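Participant: turn this into a structure:
(2 chains)
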2 protein chains.
Amino acid sequence: MADARPVGVFDSGLGGLTVVRELLQKLPGESLVYLGDTARVPYGTKSSDTVVRYSLSCARFLLRHDVKMIMVACNTASAAALEALETRLTVPVLGAVGPGARAAATHSRGGHIGVFGTSGTVRSEAYVRAIRALRPDAAVAAVACPLLVPLAEEGWIEGDVPRLVIRRYMDELCALDPAIDTLVLGCTHYPVLRAPIAAVASEVLGREVAVVDSATAMASDAQARLGEMGLLGESGAPGGARFFFTDRAQTREVGRRFLGAPLGSVEETDLDPS
Amino acid sequence: MADARPVGVFDSGLGGLTVVRELLQKLPGESLVYLGDTARVPYGTKSSDTVVRYSLSCARFLLRHDVKMIMVACNTASAAALEALETRLTVPVLGAVGPGARAAATHSRGGHIGVFGTSGTVRSEAYVRAIRALRPDAAVAAVACPLLVPLAEEGWIEGDVPRLVIRRYMDELCALDPAIDTLVLGCTHYPVLRAPIAAVASEVLGREVAVVDSATAMASDAQARLGEMGLLGESGAPGGARFFFTDRAQTREVGRRFLGAPLGSVEETDLDPS
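Facilitator: Sure thing, here's the model as predicted:
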């Protein structure tokens, strides 16, 4: 009773490939269809109305590929549009915020949780609500980190520049709550900066800080959810991924950094012809 | 015979407000209609096909406001779409690259000209062609500087982070041509970083470097062009500007940094309903 339909994943751009990377490892038998809305990236600086509109058009594209589940790899889109997507779609929808929040709530010893995210994600307070729903005693402090996306895309992940930028955001977080014991990387771009973020976190906060990211958490949740719903693909099937982008520029060079491997074939698509 | 119709200015987002700032000073009697495509910003990382499509939809919006001239404040859009706009529109179109190139060709003593721009602008080689057309002996070296836009938008214009980021791009430029005597700020975001860019330029290159920006050059060219064509507004007329954005988020806080003054009223518009 295996379900051979693909799993659909969409993101504002290339960051969501960190989720695909985890999925390929965890669910090698599943076929994946990835859509990066690179013609309109980033979502993180835009209003929630705009993000909802863009997310619905991404989801419609994936449904045309007969997907059995839609994963919203973009934290900003998850924060703004998950409810709108769940209301309108008949396939299950998995966001990034829920899995990230659950991982943080589970990992945190003292319940002092920090969140790094885009302006849109932080403004939405989606992580604060999701973590408190799981752990009502938790103290959650969130900081918007707009420079981290271009640093990650440029591959500037070592040296003084990323260290000083991260340091500035970490000081801001520490000023909000100096007792932070767990940090959520609440944007799919950030895992490539995981090492310098973890290093600066323990330097500024003076203790070991658990760093959790939504990409890893999403892959685990997808596996569990597909299993529960009887939607897993055939084990031992070939799997693999198709990659669609609304704009092809830089997808290969930059995408490779997030996927951790070359992308193979890359297809361009126009979501809103005008 | 004054022409009271407004001048239209469009940009991918908020950076073009540096052009409005110059226009308000130089042409206080003109009415301006500004459109920032903040729902799809930035253009600088996207392919030229996408940028042409977006630019045409921006121009169509301005034409609905009966503008007498269209200024393309975004260097990326100028580099990719100026020809397409000139071919399709009956009003005069003024780009950012031409005025910036002319200012550089005029200022440079030794003919060694550097350009900082977005990936799209640098990839297009529009500045190289425009400067060489005016000064065939010039040596032009261009470097893409993706981190400068978010630094400018965040207002991180002082201290170690901008200095180190600029230093990295300047080292790259110096490796291409150590004899640079003039630097073009080929993106409307960059003028707010003018002081640290000028400081790092003379530090790295070991001499005084003339820094020219397309915003100032565009305002001078607009004045000349309107005069030549008999399209100037009534002198002593009230003038002023209307500001439209495709996404309202952050327009006030960030826009203020580029305009150098509060924006007054801000209107939202949807260019491509879907």
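
Participant: for the residue of the stretch 1-150 of chain A found nearest chain B, give me its contacts.
Facilitator: Nearest residue of the stretch 1-150 of chain A to chain B, counting by Cβ to the nearest Cβ: A:S47, 4.1 Å away. C-beta: built from backbone N, CA, C; applies to glycine. By Cβ atoms under 8 Å, 6 or more residues apart in numbering or on different chains, A:S47 lies in contact with A:120, B:247-249.

Participant: now it. Nearest residue, chain neighbours left out?
Facilitator: B:A249 (4.1 Å; Cβ to Cβ, 6 or more residues apart in numbering or on different chains).

Participant: phi first, then psi, for that neighbour.
Facilitator: Phi and psi for B:A249, reported as degrees, to the nearest 10, are phi -50, psi 130.

Participant: my guess is it contacts A:G44. True?
Facilitator: No - with contact defined as Cβ atoms under 8 Å, B:A249 does not count as touching A:G44 (9.8 Å).

Participant: what touches both of those two?
Facilitator: Residues touching both B:A249 and A:G44 by Cβ under 8 Å, 6+ apart: A:119-120.

Participant: what about these two, which has more around it?
Facilitator: A:G44 (29 against 22; other Cβ atoms under 10 Å in any protein chain shown).

Participant: still on that earlier bit, quick check, pLDDT for the residue of the stretch 1-150 of chain A closest to chain B.
Facilitator: Looking at A:S47, its pLDDT reads 95.

Participant: who touches stretch A:167-178?
Facilitator: A:112, A:114, A:116, A:139, A:141, A:143, A:145, A:147-148, A:180, A:183, A:197, A:200-201, A:204-205, B:161.

Participant: buried subset of the residues you listed?
Facilitator: Listed as buried from the contacts of stretch A:167-178 are A:112, A:114, A:116, A:139, A:141, A:143, A:145, A:147-148, A:180, A:183, A:197, A:200-201, A:204-205, B:161; burial here means 16 or more other Cβ atoms under 10 Å in any protein chain shown.

Participant: residues in contact with A:E267?
Facilitator: With the criterion set at Cβ under 8 Å, 6+ apart, A:E267 makes contact with A:242-245.

Participant: closest one of those to chain B?
Facilitator: A:F245 (9.8 Å).

Participant: these two touch, right, the closest one and A:L263?
Facilitator: No - the criterion here is Cβ under 8 Å, and A:F245 misses it with A:L263 at 9.5 Å.

Participant: hang on, A:Y34 packs against A:T18?
Facilitator: No - using Cβ under 8 Å, A:Y34 makes no contact with A:T18, being 11.4 Å away.

Participant: out of the contacts of stretch A:167-178, which are inside strands?
Facilitator: In this view, the contacts of stretch A:167-178 that belong to strands under DSSP state E are A:112, A:114, A:116, A:139, A:141, A:143, A:183.

Participant: hmm, A:V115 and the fourth one touching each other?
Facilitator: No - because the distance of 11.4 Å does not satisfy Cβ under 8 Å, A:A139 is recorded as not touching A:V115.

Participant: so what's the backbone phi/psi at the spatially closest residue to A:I131 that is not a sequence neighbour?
Facilitator: Nearest residue to A:I131 in three dimensions, chain neighbours excluded: A:A101, at 4.6 Å (Cβ to Cβ, 6+ apart). Dihedral angles of A:A101 (phi, psi; degrees, to the nearest 10) stand at phi -60, psi -40.

Participant: how close does A:A101 sit to A:M218?
Facilitator: 11 Å (Cβ to Cβ, to the nearest Å).

Participant: please apply the same query to A:G110.
Facilitator: A:G110 is 25 Å from A:M218, by Cβ to Cβ.

Participant: more neighbours: which of the two?
Facilitator: A direct count of neighbours by other Cβ under 10 Å for A:G110 and A:M218 places A:M218 higher, at 30 against 12.

Participant: isn't that one up against A:V19?
Facilitator: Yes - taking Cβ under 8 Å as the definition, A:M218 is a contact partner of A:V19 at 5.4 Å.

Participant: what's the overlap in contacts for these two?
Facilitator: By Cβ under 8 Å, 6+ apart, the residues touching both A:M218 and A:V19 are A:71, A:73, A:96.

Participant: from those, which ones fall inside helices?
Facilitator: Among the shared contacts of A:M218 and A:V19, no residue falls in helices (DSSP state H).

Participant: tell me the most packed of the residues you listed, by neighbour count.
Facilitator: The most crowded member of the shared contacts of A:M218 and A:V19, judged by other Cβ under 10 Å, is A:A96 (32 neighbours).

Participant: ok so, going back, closest to B:A79 among the contacts of A:S47?
Facilitator: Lowest distance from B:A79 to those (Cβ to Cβ) belongs to B:D247, with 23.4 Å.

Participant: show me where the stretch 51-200 of chain A has its helices.
Facilitator: Remark: helices assigned in the stretch 51-200 of chain A by DSSP state H, counting those that start in this stretch are A:75-88, A:97-107, A:119-124, A:126-134, A:148-154, A:160-176, A:194-205.

Participant: including mean pLDDT, could those go into a markdown table?
Facilitator: Below are these laid out as a markdown table (pLDDT from 0 to 100):
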| stretch | mean pLDDT |
| --- | --- |
| helix A:75-88 | 97 |
| helix A:97-107 | 96 |
| helix A:119-124 | 94 |
| helix A:126-134 | 97 |
| helix A:148-154 | 93 |
| helix A:160-176 | 97 |
| helix A:194-205 | 96 |
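
Participant: got those helices as a markdown table, with distance to B:T106 columns?
Facilitator: Shown next, in a markdown table, are these (distance: least, Cβ to Cβ, whole Å):
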| stretch | distance to B:T106 |
| --- | --- |
| helix A:75-88 | 44 |
| helix A:97-107 | 53 |
| helix A:119-124 | 40 |
| helix A:126-134 | 52 |
| helix A:148-154 | 33 |
| helix A:160-176 | 34 |
| helix A:194-205 | 44 |
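
Participant: out of the ones you listed, flag the one nearest B:R135.
Facilitator: Of all the helices of the stretch 51-200 of chain A, helix A:148-154 comes closest under Cβ to Cβ, at 31.9 Å.

Participant: is the closest one anywhere near chain B?
Facilitator: Yes - contact of helix A:148-154 with chain B (Cβ under 8 Å from any Cβ of the partner chain) involves A:149-151, A:153-154.

Participant: chain center to that helix, what's the gap?
Facilitator: Centroid separation for helix A:148-154 versus its chain: 15 Å, with Cα atoms, centre = their mean, to the nearest Å.

Participant: and the contacts of it?
Facilitator: Contacts of helix A:148-154 (Cβ under 8 Å, 6+ apart): A:14-15, A:42, A:44, A:116, A:118, A:157, A:161-162, A:165-166, A:169, A:187, A:189-190, A:192-193, A:250, A:254, A:257-258, B:45, B:146-147, B:149-150.

Participant: residues from the stretch 101-250 of chain A in reach of chain B?
Facilitator: Counting by Cβ under 8 Å from any Cβ, the residues of the stretch 101-250 of chain A near chain B are A:119-120, A:146-147, A:149-151, A:153-154, A:156, A:160-161, A:164-165, A:168, A:246-250.

Participant: repeat that for 6 Å
Facilitator: Residues of the stretch 101-250 of chain A lying close to chain B by Cβ under 6 Å from any Cβ of the partner chain are A:146-147, A:150, A:154, A:160-161, A:164-165, A:247-249.
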